[in-house]
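Trainee: build me a structure from this.
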Amino acid sequence: MTTLRFALALPRLRSGASARLQTMPSLKDLCGDIPRLWTARDTRVADLSSAGCVIGTLFSRDTAHRVSQLPEVGARSAKCLAAKLAANFWGAYIAILPDQDRSDLAVLPDPSGLVPIYRLVTTTHVVLTSDPKLFEQACGKRMSISWDSLARFSMCSELRARQTCLVGVDELRPGALTYPAACDSEEFPIWRAQQFLPGRLSLSYDEARSHLREMAIRVMGAWVDELGPVAVAVSGGVDSSLVCAALARAQKPFSCVTLATADRSGDERDYARLLAEHLGAEYAERIYDPARFDPQISASAGLPRPSRRSFLSTIDALLADAAGDLGAQIVFDGNAGDNLFCFLHSAAPVVDHLRVEGPGRGAVATILDMCRVTGCDLPAMVKATLKRLVRRPCGEWPCDRRLLADHLASDEPLDPVTPWVDIDVGRHGGKHDHLALIMRAQHHVHGLGIGPERFSPLMSQPLLELCLNIPTWLWAKGGRNRALARDAFAADLPPSLLARTSKSGPDSFIRLAFHHHRSALRELLLDGLIARNGLLDRASVEAAFELDTSLDGSTIYRLLDLAEAETWTRSWQ
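Mentor: Take a look at the predicted model:
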């Protein structure tokens with residue numbers, strides 16, 4: 001397993017700015033009078049000669065082979081270097097690029113976001129890292145909680161904002177070139193989502209299906225070569241099955257692991273077993289055990305936000321145990337598949353088809369497709385289509401104030417890591433919905449930074465670009481959600497698995513875990529740090545703990561998310 005841990009310290013006040021970079025063997029003396037870099041022993045660094053270096057994994061777009069050294073590119077400008085990287089390579093990386101024209105250093109986090117890059121500005125230095133725990137070692141500065149930021153996060157927990165919940169720590173934008181030590185910390189978008197949206201000539205269904213198949217095979221094969229023996233967390237659903245089918249077609253070894261609830265409500269083992277047997281993969285399974293859930297352990301420990309669900313620590317442990325038995329070093333998952341493969345429940349694809357190709361058989365077919373996808377009748381879909389044609393849907397991000405104190409402000413402007421809310425999508429208005437789906441997945445994608453030994457390969461840059469380029473209505477062809485993903489590997493997967501349009505999850509495990517630990521969770525929240533710092537409506541929280549766990553699943557999830565926020569704050573104390 002290749003990890004990616006680094007720390008880069010850039011002095012803010014320099015006489016005679018220099019773009020030279022010194023490599024340090026330890027974090028102890030990282031903050032000095034010139035730019036200094038530390039990387040963990042097993043972190044890959046690709047040399048760009050005089051053009052800097054790339055930390056992490058870099059693949060050639062042409063060959064999908066890992067690149068360890070790049071030829072001299074002959075460019076003085078960091079912007080030109082960054083554009084060449086984004087256009088000709090992909091992976092999970094941060095590029096550190098000297099700019100000879102400015103005598104300064106610039107950085108480019110890769111467009112996929114698979115390596116989150118965090119920034120801390122002190123009085124003397126700007127420090128960048130993939131692991132926020134390294135800030136304390138590099139700067140001698142103890143991290144503290146930003147209670148205002150934590151309150152905003154608790155209201156918009158699905159939005160990955162640039163500001164984290166640690167004081168003074170923000171996140172750099174993927175695909176944007178930044179001069180971190182500059183007085184105004186200039187930022188230049190190198191990779192833009194709108195570059196990859198459908199144009200005047202859209203892909204046909206067969207073209208899109210073929211491209212998706214080919215790209216998935218290349219991407220999955222490249223990642224297995226890089227990350228070592230892999231087990232895929234499978235559920236018998238479309239997304240993880242596509243990962244497995246692509247690995248099989250790439251002729252890469254892999255195994256399968258699935259998790260199931262003790263009752264039938266969240267037991268997908270029959271489908272997972274069918275998938276593994278069909279593809280000839282080794283297989284292991286584990287059962288969710290509510291007793292293994294520990295409400296005192298944060299699943300987000302070490303992260304700059306409480307962005308992971310509390311019960312994921314139990315899932316992490318089960319997957320790691322099964323992967324170990326299978327001889328795997330890392331677990332791939334299908335996270336973000338619903339989002340990337342444009343699983344929309346609205347009239348957006350109908351309106352897009354009408355605006356691009358006009359009324360005709362195609363648009364009529366899409367209306368019927370979306371009736372089947374959403375389960376609504378034809379008059380309701382026609383009404384929704386007309387409504388969307390007349391006025392554009394509201395682009396406001398939903399705000400959840402449940403169980404939070406009334407005085408908390410919710411009207412501050414949002415600053416997403418990926419600023420896709422208001423970009424120009426032309427006649428393809430449904431791409432706003434598609435982009436919002438992808439934004440909502442960003443907290444749930446596993447990259448190469450800190451966290452469990454998990455990886456979410458579907459969010460790789462080539463797949464992201466391809467899926468953005470596909471019109472929304474093609475994803476619903478035949479009245480099936482994620483139709484292209486199904487058909488791309490129809491020849492490789494069992495028909496009964498491809499026919500599934502929904503699957504169950506660990507809901508019964510989560511309800512039982514909540515019920516088993518209700519008293520501990522109640523004490524954790526009402527006597528905890530977030531309550532003492534005025535974030536909670538204590539009366540509402542107390543009332544919520546009296547709910548019937550067999551009925552109110554939404555409130556259970558909300559209480560567990562707040563409990564995760566509490567244990568996360570304690571992990572940084």
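Trainee: just the C-alphas of the lengthiest helix in the chain, formatted as CSV.
Mentor: Of all the elements of type helix in the chain, the one with the most residues (DSSP state H) is helix 205-227. What follows is helix 205-227 as a C-alpha-only set of coordinates in CSV (Å, rounded to 0.1, in the frame of the first residue of the first chain):
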residue,chain,number,x,y,z
TYR,A,205,-25.2,6.0,-26.0
ASP,A,206,-23.0,3.4,-27.6
GLU,A,207,-20.0,5.8,-27.7
ALA,A,208,-20.5,6.7,-24.0
ARG,A,209,-20.9,3.0,-23.0
SER,A,210,-17.7,2.0,-24.9
HIS,A,211,-15.7,4.9,-23.5
LEU,A,212,-16.8,4.2,-19.9
ARG,A,213,-15.9,0.5,-20.3
GLU,A,214,-12.5,1.2,-21.7
MET,A,215,-11.7,4.0,-19.2
ALA,A,216,-12.8,1.9,-16.2
ILE,A,217,-10.6,-1.0,-17.2
ARG,A,218,-7.5,1.3,-17.6
VAL,A,219,-8.1,3.2,-14.4
MET,A,220,-8.8,0.1,-12.2
GLY,A,221,-5.8,-1.8,-13.7
ALA,A,222,-3.5,1.2,-13.0
TRP,A,223,-4.5,1.5,-9.4
VAL,A,224,-4.1,-2.2,-8.6
ASP,A,225,-0.6,-2.1,-10.1
GLU,A,226,0.2,0.8,-7.8
LEU,A,227,-1.5,-0.1,-4.6
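Trainee: which elements pack onto the helix or strand following it?
Mentor: Note on helix 205-227: by DSSP states H and E, the next helix or strand toward the C-terminus is strand 230-233. Judged by 3 or more Cβ pairs under 8 Å, 6 or more residues apart in numbering; DSSP states H and E, strand 230-233 is in contact with helix 238-249, strand 255-260, helix 312-325, strand 330-332. C-betas here are computed from N, CA, C, even on glycine.
Trainee: among the ones you listed, which is nearest L354?
Mentor: With Cβ to Cβ as the criterion, L354 lies closest to helix 238-249 of the helices and strands packed on strand 230-233, at 27.0 Å.
Trainee: so what pLDDT did P452 get?
Mentor: In this model, P452 is scored at 87, pLDDT.
Trainee: for L474, what are its contacts?
Mentor: By Cβ atoms under 8 Å, 6 or more residues apart in numbering, the contact list for L474 reads 202-203, 205, 208, 483-484.
Trainee: what subset of the residues you listed is buried?
Mentor: 202-203, 205, 208, 483-484 (16 or more other Cβ atoms under 10 Å).
Trainee: mind checking how far C31 is from L10?
Mentor: 9 Å (Cβ to Cβ, to the nearest Å).
Trainee: circling back to that earlier point, pLDDT (mean, whole number) over the longest helix of the chain?
Mentor: 97.
Trainee: list the contacts of it.
Mentor: Contacts of helix 205-227 (Cβ under 8 Å, 6+ apart): 1-2, 57, 59, 64-66, 203, 230, 242-243, 246-247, 249-254, 329-330, 332, 455, 457, 460, 462-463, 466-467, 470, 474, 477, 484-485, 487-489.
Trainee: from those, which would you call buried?
Mentor: Here, 16+ other Cβ under 10 Å leaves 2, 57, 59, 64, 66, 203, 230, 242-243, 246-247, 249-250, 252, 254, 330, 332, 455, 457, 460, 462-463, 466-467, 470, 474, 477, 484-485, 487-489 buried among these.
Trainee: how about low-confidence regions in the chain?
Mentor: Applying pLDDT under 70 to the chain picks out residues 1-2, 13-19, 49-51, 71-76, 393-395, 410-411.
Trainee: how does it divide into domains?
Mentor: 6-192, 517-571 (automatic domain parsing).
Trainee: re the thing from before, buried stuff in the longest helix of the chain?
Mentor: By neighbour count with 16+ other Cβ under 10 Å, helix 205-227 contains the buried residues 205, 208-209, 211-213, 215-224, 226-227.
Trainee: can you give the distance of stretch 208-215 from its chain's centre?
Mentor: 22 Å (Cα atoms, centre = their mean, to the nearest Å).
Trainee: ignore the last one, stretch 66-85
Mentor: Taking mean C-alpha positions (Cα atoms, centre = their mean), stretch 66-85 and its chain are 26 Å apart.
Trainee: now the terminal residues of it, how far apart.
Mentor: One end of stretch 66-85 sits 13 Å from the other (Cα to Cα, to the nearest Å).
Trainee: what sits up against that stretch?
Mentor: Residues outside stretch 66-85 that contact it (Cβ under 8 Å, 6+ apart): 44, 46-52, 54, 57-60, 89, 91, 95, 97-102, 105-106, 108, 177, 179, 188, 190, 222, 225-226.
Trainee: weed out the non-buried ones from these.
Mentor: Among those, those classed as buried by 16+ other Cβ under 10 Å are 44, 46, 48, 51-52, 54, 57-59, 89, 91, 95, 97-99, 102, 105-106, 108, 177, 179, 190, 222, 226.
Trainee: now, those residues that are in strands?
Mentor: Cross-referencing the buried ones among the contacts of stretch 66-85 against strands under DSSP state E gives 46, 54, 57-59, 89, 91, 95, 97-99, 105-106, 108, 177.
Trainee: from those residues, which is closest to I450?
Mentor: I450 has its nearest neighbour among those in T57, at 15.8 Å by Cβ to Cβ.
Trainee: do you know how far the residue nearest to that closest one when sequence neighbours are not counted is from R5?
Mentor: Leaving aside its sequence neighbours, T57 sits nearest to G91 (Cβ to Cβ, 6 or more residues apart in numbering; 4.2 Å). G91 sits 16 Å away from R5, going by Cβ to Cβ.
Trainee: my guess is S149 meets Q163, correct?
Mentor: Yes. S149 lies in contact with Q163 (Cβ atoms under 8 Å); the separation is 5.4 Å.
Trainee: who are the contact partners of H444?
Mentor: So H444 contacts 308, 335-336, 456 (Cβ under 8 Å, 6+ apart).
Trainee: just those residues now: which is nearest A563?
Mentor: Of those, the one sitting nearest to A563 (Cβ to Cβ) turns out to be R308, at 12.2 Å.
Trainee: next up, the contacts around the closest one.
Mentor: 299-300, 443-444, 451, 564.
Trainee: neighbour-wise, which one of the residues you listed leads?
Mentor: E564 (24 neighbours; other Cβ atoms under 10 Å).
Trainee: list the residues that contact it.
Mentor: Shown in contact with E564 (Cβ under 8 Å, 6+ apart): 298-300, 306, 308-310.
Trainee: now for those residues: which two are most distant?
Mentor: Top of the distance list for these (Cβ to Cβ): S298 and R309, 10.8 Å.
Trainee: wait, F254 touches A231, no?
Mentor: Yes. With contact defined as Cβ under 8 Å, F254 reaches A231; the gap is 6.8 Å.
Trainee: which residues do these two both contact?
Mentor: 328, 332.
Trainee: before we move on, the earlier item: which among the buried ones among the contacts of L474 gets closest to G237?
Mentor: A483 (14.3 Å).
Trainee: let me see the contact set for the closest one.
Mentor: Counted by Cβ under 8 Å, 6+ apart, A483 has contacts 474-477.
Trainee: quick revisit: and the furthest pair within the contacts of H444?
Mentor: It's R308 and A336 that sit farthest apart of the contacts of H444, by Cβ to Cβ, at 14.4 Å.
Trainee: how distant is stretch 301-317 from the center of its chain?
Mentor: On Cα atoms, centre = their mean, the centre of stretch 301-317 falls 14 Å from that of its chain.
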